[in-house]
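Q: prediction below, plus the sequence it came from.
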Amino acid sequence: MTCLALIGDKFMSVVVRENHSMYAMMDVAALEGIMPRTGQDLTGVRFGRLVALEKLAEKGHPTRWLCRCDCGETANPTGSQLLGGRVHSCGCIKAENNRTRLETHGMSHLRVYHIWQAMKNRCYNPNQPHYARYGGHGVTVCDEWRKSFEAFYAAMGNPPTDKHSIDRISNGRGYEPGNCRWATAKEQAANQRPKPPVTWEMPRGEGHFKATITEEMVREIRASAERNCDIARRIGLSKQSIADIRKGRTWRHVT
Ligand SMILES: [Zn+2]
């Protein structure tokens with residue numbers, strides 16, 4: 001059913017279909033006040049990607065229109081197909097939809113598909129917020145996985161739970177077969193934390209995190225003729241600390 005509707009500040013001819021979807025077809029002003037009806041002149045009127053160019057020589061009913069599609073092809077739908085909102089392209093919209101379905105094997109609704117997309121974005125899309133820590137740091141996705149979701153899916157399968165996401169086993173390597181696993185956030189954090197060395201000693205002397213003086217100062221204190229209280233005041237240590245240094249009770253390793 002075709003009717004008039006005020007859309008924005010323009011009267012538009014609107015096709016209302018049985019499923020209640022609506023197609024705003026044209027600015028009525030552009031039609032010079034003529035409502036399109038089957039059998040009327042549709043020349044220049046746009047229907048989705050199609051623009052009607054001319055009425056084809058009548059060979060009985062229904063009337064067909066030569067239309068140019070935005071993709072460059074032509075189509076010959078009937079006037080009622082156009083006005084009924086049943087045809088919006090030469091067929092290329094349907095072909096595109098089919099191609100998209102094939103490409104994703106109908107898996108675009110799966111979480112693993114979005115994980116695959118996000119992985120590529122982190123590595124190759126500078127507008128992505130995490131790009132700096134990934135692509136910006138030289139992290140890559142191997143060609144096979146980058147080009148094909150199927151290849152990625154064949155290698156990784158689905159994450160075992162919703163809490164698992166993709167983790168690189170070695171941070172020095174990219175997203176590639178053999179270097180990826182499904183891991184929880186907790187497992188990933190453990191993977192990133194630096195591991196303490198096997199033998200580990202608290203640094204001594206000036207390397208100690210609480211050290212306030214250097215080995216050079218220790219040598220100076222021991223060589224000086226100043227009284228403990230004078231040197232303590234000058235350096236900002238206690239008299240006892242100076243005495244300990246001089247008697248070799250502390251900083252024993254400094255000679
Ligand atoms: Zn087309």
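A: Ah, there it is. The structure presented is a predicted model; accordingly, all values stated were derived computationally and were not measured. Numbering: from 1, shown residues only.
Q: and the closest residue to residue 54 other than its chain neighbours, what element?
A: Leaving aside its sequence neighbours, residue 54 sits nearest to residue 66 (CB to CB, 6 or more residues apart in numbering; 5.1 Å). Every C-beta, even on glycine, is put in place using the N, C-alpha and C of the backbone. Assigned by DSSP states H and E, residue 66 falls within strand 65-69.
Q: do residue 51 as well
A: For residue 51, the host element (DSSP H and E) is strand 50-55.
Q: check residue 123 too.
A: Per DSSP H and E: helix 111-124 holds residue 123.
Q: restricting to C-alpha, output that helix in CSV.
A: Provided in CSV are the C-alpha atoms of helix 111-124 (Å, rounded to 0.1, in the frame of the first residue of the first chain):
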residue,chain,number,x,y,z
ARG,A,111,31.9,-15.3,20.4
VAL,A,112,35.0,-16.8,18.8
TYR,A,113,34.3,-14.9,15.6
HIS,A,114,34.3,-11.6,17.5
ILE,A,115,37.5,-12.6,19.3
TRP,A,116,39.1,-13.2,15.9
GLN,A,117,38.0,-9.8,14.7
ALA,A,118,39.2,-8.0,17.8
MET,A,119,42.6,-9.7,17.6
LYS,A,120,43.0,-8.4,14.0
ASN,A,121,41.9,-4.9,15.1
ARG,A,122,44.3,-4.8,18.0
CYS,A,123,47.2,-5.6,15.6
TYR,A,124,46.2,-3.6,12.5
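Q: who are the packing partners of that helix?
A: Counting contacts by 3 or more CB pairs under 8 Å, 6 or more residues apart in numbering; DSSP states H and E, helix 111-124 packs against helix 143-147, helix 149-156, strand 165-168.
Q: name the residues that touch stretch 155-166?
A: Residues from elsewhere that reach stretch 155-166 (CB atoms under 8 Å, 6 or more residues apart in numbering): 110-112, 115, 119, 145, 175, 177, 180-185, 188.
Q: can you give me the end-to-end distance of that stretch?
A: Terminal residues of stretch 155-166 are spaced 12 Å apart (CA to CA, to the nearest Å).
Q: could you check how far that stretch is from the centre of its chain?
A: Counting by CA atoms, centre = their mean, to the nearest Å, stretch 155-166 is centred 18 Å from the centre of its parent chain.
Q: give the rounded mean pLDDT of stretch 187-204.
A: Averaged over stretch 187-204, pLDDT sits at 65.
Q: up against the ion, what does the stretch 1-150 of the chain have?
A: 69, 71, 73, 89, 90, 92 (CB under 5 Å from the ion).
Q: circling back to that earlier point, for the strand holding residue 66, which strands pair with it and how are they oriented?
A: Neighbouring strands of strand 65-69 in its sheet, by DSSP bridges, are strand 50-55 (antiparallel), strand 74-75 (antiparallel).
Q: show me how far the longest one is from its chain's centre.
A: With CA atoms, centre = their mean as the basis, the distance from the averaged C-alpha position of strand 50-55 to the chain average is 41 Å.
Q: so which bits of it are buried?
A: Buried residues in strand 50-55, counting neighbours by 16 or more other CB atoms under 10 Å, are found at 50, 51, 52, 55.
Q: over to stretch 47-67?
A: Neighbour counts over stretch 47-67 (16+ other CB under 10 Å) mark 47, 48, 49, 50, 51, 52, 55, 63, 64, 65, 67 as buried.
Q: dump those into JSON lines; add pLDDT as well.
A: Shown next, in JSON lines, are the buried residues of stretch 47-67 (pLDDT from 0 to 100):
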{"residue": "47", "pLDDT": "90"}
{"residue": "48", "pLDDT": "89"}
{"residue": "49", "pLDDT": "90"}
{"residue": "50", "pLDDT": "93"}
{"residue": "51", "pLDDT": "93"}
{"residue": "52", "pLDDT": "92"}
{"residue": "55", "pLDDT": "89"}
{"residue": "63", "pLDDT": "83"}
{"residue": "64", "pLDDT": "88"}
{"residue": "65", "pLDDT": "91"}
{"residue": "67", "pLDDT": "95"}
